[in-house]
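Novice: Kindly return the folded structure for what I paste below:
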Amino acid sequence: MRNSKVILAKNIKLDKNYKSVLKYTESQMIELMLNSNNLVYQSNTCSFIRDENKINVKAEYGTCIQANYIAFQNPDYSNKWFFGFIDNVRYLNNGVCEIYFTTDIFTTWFSYWSPKACFTIREHVVDDTVGLHTVPEDLETGEYIINDSHTNRLLQDSCVILGTTVDYYFSDGNFVLGGKNGGGTYGGVKTAYKYYLFRNTSSSKLADVIKGFAENNSSDAIGCIFTAPFWMIPRQQGGATDDVAVSETYSANNLYWDSDPNLDPTITKPTTVNGYTPINKKLLTYPFSYFVMSNNNGSNAVLKYELFSTSTLGFLIRSVPTPSMSAVIIPLQYNGKTENYSECISMAKYPICGYNTDIYTNWLRQNGINYNSTVIAGGLQMLGGIGLLATGAGALAGAGMITGGALSIASTVNNLIEHSKIPPQADGNLNTGDVGFATGNTSFTYYKMSVREEYARIIDNFFTRMGYKVNRIKVPNMSHRENFNFVQVGAEENLAYPNNYNNIGIPASALNQINDMFRSGITLWNDHNNFGDYSVSNNIN
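Specialist: Sure, this is the predicted structure:
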């Protein structure tokens, strides 16, 4: 039996469960073991006992039991270095011990295979730009919290619109009827009435006008009286604010959310989650951080920050001045559309002022017109059902469920419970348009929502440890992070293929074991000094 080279080392942090491994070549591992902090024993004259995973060394028992790792070079196998975990040390006689070991498959054959594209479930990504990674994670989020909210103040300034078929004017303070006006077109909608605007204040001239029509036996010329948001009604006289004709327009009237930034500031995307600054930017996307726009009357839109193509969130309020006031708020540059009508919500109806006209019609206007049908289940559950959304390939691997060794960690954070995406304050009630108007809430209110800080930290730590779910066919990222990379591939995938390094073929059994490691999920470390320490930084290189 020819002599074998043997090195015994201590303080080697590897273990045989292969949940964390070291990306060291043979020469790097030998250098590590020969380090003065690790070296226990080395010899060029040891007898290797074939197929029994044991070797005799000429060393004292007290020396050998310090070691936890072994490297040996077998002359009968191309002088290749093998590495192993020491299982037991047996005393043979004074100065001779028998070392039992288990071969470290990953380290021994690390250089003898190459990765190829396969279905990759999880990995540490090479680009963590917010919104780039949105594959659902199926993680428990806890109850959501409101981080910020704001009600558009410009819409809270109201006015009253009077619709008549006969013009009028005041002469020396006296009410004078004019001729029939033929109606007008407002926001592109033709009406039989001409509209006049009055401020919703105690000094308004509206009472004088109504009285003037009555005294001239022309009350039937008044067709409607309704309230509306003042700043959405175009007026013919720029400076006048009461008893002025409404300008005819042949398209809807527009008002932007931040038309007056002193009242309604621009909406910015968050950089924190309930005050916590995440390391992993996926926490700044849905369902961990998201946006709700509410009309304060039961209609709510759940919007995702990552689907806005601009750095700030833009909204357009578009209206038509008709009885009860029709208006919608539309997200801009959202989900690939400049004006995304599919994600808009309507404004709560403004009150119709009671007037001497058909009783049923008046009741319908004052009551039924405030009814607001709300679509919550279908659309929002489709957005919110994080446990059901998976990219096409996800079904090939159980929708990307974490398996094997990673399961023990994942199971502590993925006890998924469905939580309402709508804040309680935004749930609203049907038929409350008049109450909303009386309390100054006939406007739009946004809510910036997120998980609580406690859950944000838990989820962020999980992403730091396990990377993101990606569910893609690709070569996994294994070397672009500062300290470690986690990789998990599909249960039926083969990542590792022989590369005939140094004209040595990796045994089929070893190759299959390495593929099994990646199927279960494995963390690859760059540096033995930081091995297993997940508190170290792991920036993208």
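Novice: for residue 33, helix, strand, or coil?
Specialist: helix (DSSP: H, G, I helix; E, B strand; the rest coil).
Novice: wouldn't it be in contact with residue 9 here?
Specialist: Yes. Taking CB atoms under 8 Å as the definition, residue 33 is a contact partner of residue 9 at 3.9 Å. (Glycine included, C-beta is placed from N, CA and C.)
Novice: Show me whatever sits in contact with both of the two.
Specialist: By the contact definition CB atoms under 8 Å, 6 or more residues apart in numbering, residue 33 and residue 9 are jointly contacted by 39, 69, 71.
Novice: Relative to residue 157, which of the residues you listed is nearest.
Specialist: Distance ranking of these against residue 157, using CB to CB, places residue 69 first at 76.2 Å.
Novice: Hmm, residue 86 is touching residue 69, no?
Specialist: Yes. Residue 86 lies in contact with residue 69 (CB under 8 Å); the separation is 6.3 Å.
Novice: and those two? which has more neighbours close in?
Specialist: Per other CB atoms under 10 Å, whichever of residue 86 and residue 69 has more neighbours is residue 69, with 25 against 21.
Novice: list the contacts for that one?
Specialist: So residue 69 contacts 8, 9, 10, 12, 14, 33, 83, 84, 85, 86, 104 (CB under 8 Å, 6+ apart).
Novice: can you rerun that using 10 Å?
Specialist: Taking CB atoms under 10 Å, 6 or more residues apart in numbering, we find residue 69 in contact with 7-15, 29, 32-33, 38, 40, 83-86, 101, 104, 107.
Novice: among the residues you listed, which are in helices?
Specialist: 29, 32, 33, 107 (DSSP state H).
Novice: Considering those, which possesses the most neighbours?
Specialist: Tallying neighbours with other CB under 10 Å puts residue 107 at the head of the ones in helices among the contacts of residue 69, with 26 neighbours.
Novice: Find the nearest non-adjacent residue to that one, please.
Specialist: Once flanking residues are discounted, residue 107 sits nearest to residue 83: 4.5 Å by CB to CB, 6 or more residues apart in numbering.
Novice: ok, back up a step: filter the contacts of residue 69 down to the buried ones.
Specialist: Buried members of these, scored by 16 or more other CB atoms under 10 Å, are 7-12, 14, 29, 32-33, 38, 40, 83-86, 101, 104, 107.
Novice: Which pLDDT value goes with the closest residue to residue 311 other than its chain neighbours?
Specialist: Once flanking residues are discounted, residue 311 sits nearest to residue 269: 6.8 Å by CB to CB, 6+ apart. pLDDT recorded at residue 269 is 97.
Novice: And residue 269, how close does it get to residue 312?
Specialist: 7 Å (CB to CB, to the nearest Å).
Novice: of those two, who's got more company?
Specialist: residue 269 (17 against 14).
Novice: Poorly predicted segments of the stretch 201-350 of the chain, please.
Specialist: The model of the stretch 201-350 of the chain has pLDDT under 70 over residues 237-240.
Novice: Can you show me the helices along the stretch 251-400 of the chain?
Specialist: 359-366, 377-384 (DSSP state H, counting those that start in this stretch).
Novice: averaging pLDDT over each of those, which comes out lowest?
Specialist: For the helices of the stretch 251-400 of the chain, mean pLDDT drops lowest on helix 377-384, to a mean of 31.
Novice: which ones are touching the residue nearest to residue 334 when sequence neighbours are not counted?
Specialist: Using CB to CB, 6+ apart and skipping the chain neighbours, the partner closest in space to residue 334 is residue 340 (4.4 Å). Residue 340 makes contact with 301, 303, 307, 308, 316, 330, 331, 332, 333, 334 under the criterion CB under 10 Å, 6+ apart.
Novice: any idea how far residue 340 lies from residue 443?
Specialist: For residue 340, the distance to residue 443 - CB to CB - is 20 Å.
Novice: circling back to that earlier point, could you export the contacts of residue 340 to JSON lines, including columns for distance to residue 209 and neighbour count?
Specialist: Output for these, formatted as JSON lines (distance: CB to CB, whole Å; neighbours: other CB atoms under 10 Å):
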{"residue": "301", "distance to residue 209": "39", "neighbour count": "24"}
{"residue": "303", "distance to residue 209": "43", "neighbour count": "22"}
{"residue": "307", "distance to residue 209": "48", "neighbour count": "20"}
{"residue": "308", "distance to residue 209": "45", "neighbour count": "21"}
{"residue": "316", "distance to residue 209": "33", "neighbour count": "18"}
{"residue": "330", "distance to residue 209": "35", "neighbour count": "21"}
{"residue": "331", "distance to residue 209": "39", "neighbour count": "25"}
{"residue": "332", "distance to residue 209": "39", "neighbour count": "18"}
{"residue": "333", "distance to residue 209": "44", "neighbour count": "16"}
{"residue": "334", "distance to residue 209": "43", "neighbour count": "22"}
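Novice: just to revisit the earlier point, can you pull the residues that touch both of residue 86 and residue 69?
Specialist: Common neighbours of residue 86 and residue 69 (CB under 10 Å, 6+ apart) are 8, 9, 10, 12, 40, 101.
Novice: measure the last one to residue 251 for me?
Specialist: It refers to residue 101. 82 Å.
Novice: again with the first one
Specialist: Distance, residue 8 to residue 251, using CB to CB: 85 Å.
Novice: Now stretch 202-222: buried residues?
Specialist: Applying 16+ other CB under 10 Å to stretch 202-222 flags 204, 205, 206, 209, 210, 212, 213, 221, 222 as buried.
Novice: Now go through the residues you listed and say which are in helices.
Specialist: 206, 209, 210, 212, 213.
Novice: Could I get the full set of strands for the stretch 201-350 of the chain?
Specialist: Under the criterion DSSP state E, counting those that start in this stretch, the stretch 201-350 of the chain contains strands at 222-229, 244-245, 253-256, 267-268, 289-294, 300-303, 312-320, 326-334, 337-339, 345-346.
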